[in-house]
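J.: predicted structure and sequence below. I'll ask about it afterward.
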Amino acid sequence: MQEFTWPGRTAETELAFDLEKAAQRREFEQRLEECGTLAFRVARGVLRNAADAEDVAQEAILRSYRRFARLRDPSRFRAWLVRISFRLALDHGRSARRREQRETAWAVDLPKPTAEDIAVSNEFGRRLEEAMATLSEKSRLVLLLTSMDGHSLEEVAELLRVPVGTVKSRLHSARKQLAEKLR
Amino acid sequence: MTCDKYENALRLAAASNGELDAKLARHLERCSTCRTTLGSKRELLSRIDSALRAQMNEDPRPGFLAQLRLRLSKELTARPRSDRVWHVAGAALALVLIAMAYPLFEPLFNPLDNARRPIVQGNLQTPTIEVPQRAGLTQSARASEDLGVGPLHHPKRPAVQSAVPREPEVLVPPDEQKALAQFVACVARRDAIAQAVVRLAANKTVNMNAELPRVSSVDIADLQFGRERQEKWIHQTESSE
C-alpha cells in the first residue's frame, strides 16, 4: 500500500527529510555510549535498583532522541539528558513506592529481618538512601553529579547552568544534612 | 560548656576537609573530646562520599547499550508518533469544519430549493395573479399555499411558461425522494387550481389589448422555507391524503 503523503510533499522533500533524519541518527549514536552510561548513573543514583535504573535510562534516551531534532544547542544535550533521566527516575521511584504500599497493605506480616540480614543488606547504604530521599531535588542532583567520576564542580555548574558558588553551597548543605541524619 | 561554641566550626571543618581555623586548631590541641568528634564526623562524611561514589560510578550491565540500540532502531522503523497525532488531529478538525459549514451550504444540497429556483427566477419578470380567495381551497392546497411556493402563471403567457423548465433535473438523495414527489404532486394540484381561477376570470371578457393588471412581484424571501416548515408541510400533506 502506498504511504500517504501530504499534498505538496514531493519525493525530493521526502528524500531530504530522510537524509536529515539519518544524519541526526548518526549524530545521536555517536553520543549514545557516553550518554547511555550517564543516564543510567543518574537514574541509579535516584533508584536503588540497577534494573529499574536501566529501564529509566532507556526511556530517557528514547525521549531525548525523539526531541533531539528540536534541540537548538546540541552542546546542551548532556545537561538535557541528565534532567530528563533525573525527572523520570524520581517519577519511577514515586510510582514504585505507591505500588509497594498497595501490595504490602494486603500482605500478611512478613518475618522481621534478623541481624544477619541487616548486615548483609548493608544497613549504612539503606540509611543513606533514606537520608538522600529527604533532600531537596536540587541538592540531591548536585550531590549525585559531583559523586560521579570526572565531574568537577565547574562541570556540574555548567551542566546545571548555575554558578559554581551555587553548586558549592548546595553540595555543602546536602552533605551536612546527610551527616546529621546518619549520625 | 566551652566546646559548644566550636560545634558549628567543627561541622564546617569536617565538611570542608581543608585547613582548620586557627582558633579551632588551638582548641583541638587541648580538647580530646572535640578531636574525637571531628574525627568521627570526618569519617562519617568520608563513608557517605565513598558510598555515593560507589553507587554513582556503577556501570550498566554489558547488554544495556545493545538493548538500547535495538529499542532505538525499533523507534526509527515505527512511524513517527507526532505524524500520527497530526493526521488524526487534522482529520478531526476537517470533520468539525464540515459540520460547522454544512448549514451555510445546505440550500445548495437541498433538492427542494434546487427544484424551485428556476421557476422563481423565470417568474420574476412576469405579471402574476394573486389568488383571490382561500376559502374554496382544499386542505392540501392550503398547505401548499402556506409554503409560498411559486406564484400562479398567467395562461396567456405560454412563452414564459415554456422558457421555464417544468421538470428541472434535480439530483435527489434517496431519503428525500418521497418528500420531493409529494412536493411536485402538490404543486401540480395547485397549478390546476390556478388554472380554474384564471378560467373564471377569462369568462369576464377581458380586453386582450388592454394593459395587464399590475400585480406585486414575487418576493424571493417569501419563497424560502426552512426544513422545519418543509417537514410541517409534508406532515400536513400526508395527513390530508
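T.: In hand now; what should we look at?
J.: send me the helix or strand where A:Ala179 lies as PDB with only the CA atoms.
T.: Using DSSP states H and E, A:Ala179 sits in helix A:164-182. Extracted in PDB, the C-alpha atoms of helix A:164-182 (Å, rounded to 0.1, in the frame of the first residue of the first chain):
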ATOM      1  CA  VAL A 164      29.900  27.400  40.700                       C
ATOM      2  CA  GLY A 165      29.200  29.100  44.100                       C
ATOM      3  CA  THR A 166      25.600  27.700  44.000                       C
ATOM      4  CA  VAL A 167      26.900  24.200  43.400                       C
ATOM      5  CA  LYS A 168      29.300  24.500  46.300                       C
ATOM      6  CA  SER A 169      26.600  25.800  48.600                       C
ATOM      7  CA  ARG A 170      24.100  23.100  47.600                       C
ATOM      8  CA  LEU A 171      26.800  20.400  48.000                       C
ATOM      9  CA  HIS A 172      27.800  21.600  51.400                       C
ATOM     10  CA  SER A 173      24.200  21.800  52.600                       C
ATOM     11  CA  ALA A 174      23.400  18.300  51.200                       C
ATOM     12  CA  ARG A 175      26.400  16.700  52.900                       C
ATOM     13  CA  LYS A 176      25.700  18.500  56.200                       C
ATOM     14  CA  GLN A 177      22.100  17.200  56.100                       C
ATOM     15  CA  LEU A 178      23.200  13.700  55.300                       C
ATOM     16  CA  ALA A 179      25.700  13.700  58.200                       C
ATOM     17  CA  GLU A 180      23.100  14.900  60.600                       C
ATOM     18  CA  LYS A 181      20.700  12.200  59.600                       C
ATOM     19  CA  LEU A 182      23.300   9.400  59.700                       C
END
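J.: show me what it is packed up against.
T.: helix A:123-133, helix A:137-147, helix A:153-160, helix B:7-16, helix B:32-56 (3 or more C-beta pairs under 8 Å, 6 or more residues apart in numbering or on different chains; DSSP states H and E). For every residue, glycine as well, the C-beta is placed using N, CA and C.
J.: right, so these: which one is the most enclosed?
T.: Highest mean neighbour count among these (mean count of other C-beta atoms under 10 Å in any protein chain shown): helix A:137-147, with a mean of 21.
J.: what does it contact?
T.: Contacts of helix A:137-147 with the rest of the structure, by C-beta atoms under 8 Å, 6 or more residues apart in numbering or on different chains, involve A:41-42, A:45-46, A:82, A:86, A:90, A:132, A:135, A:151, A:153, A:156, A:159-160, A:167, A:170-171, A:173-175, A:177-178, B:49, B:52-53, B:55-57.
J.: separation between B:Ala94 and chain A?
T.: 13 Å (C-beta to the nearest C-beta, to the nearest Å).
J.: so that residue, which state does it fall into?
T.: Classification of B:Ala94 by DSSP: H, G, I helix; E, B strand; the rest coil places it in helix.
J.: what about it, neighbour count?
T.: 10 (other C-beta atoms under 10 Å in any protein chain shown).
J.: look at B:Pro60 and give its secondary structure.
T.: coil.
J.: same question but for A:Leu15, I mixed them up
T.: helix.
J.: give me the neighbour count for it.
T.: A:Leu15 has 10 nearby residues by other C-beta under 10 Å.
J.: reformat the helices and strands packed on helix A:164-182 as a markdown table; add distance to B:Lys74.
T.: Below are those laid out as a markdown table (distance: least, C-beta to C-beta, whole Å):
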| stretch | distance to B:Lys74 |
| --- | --- |
| helix A:123-133 | 33 |
| helix A:137-147 | 30 |
| helix A:153-160 | 30 |
| helix B:7-16 | 47 |
| helix B:32-56 | 30 |
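J.: any idea which of those helices gets closest to A:Glu54?
T.: Ranking those by proximity to A:Glu54 (C-beta to C-beta) places helix B:32-56 first, at 14.6 Å.
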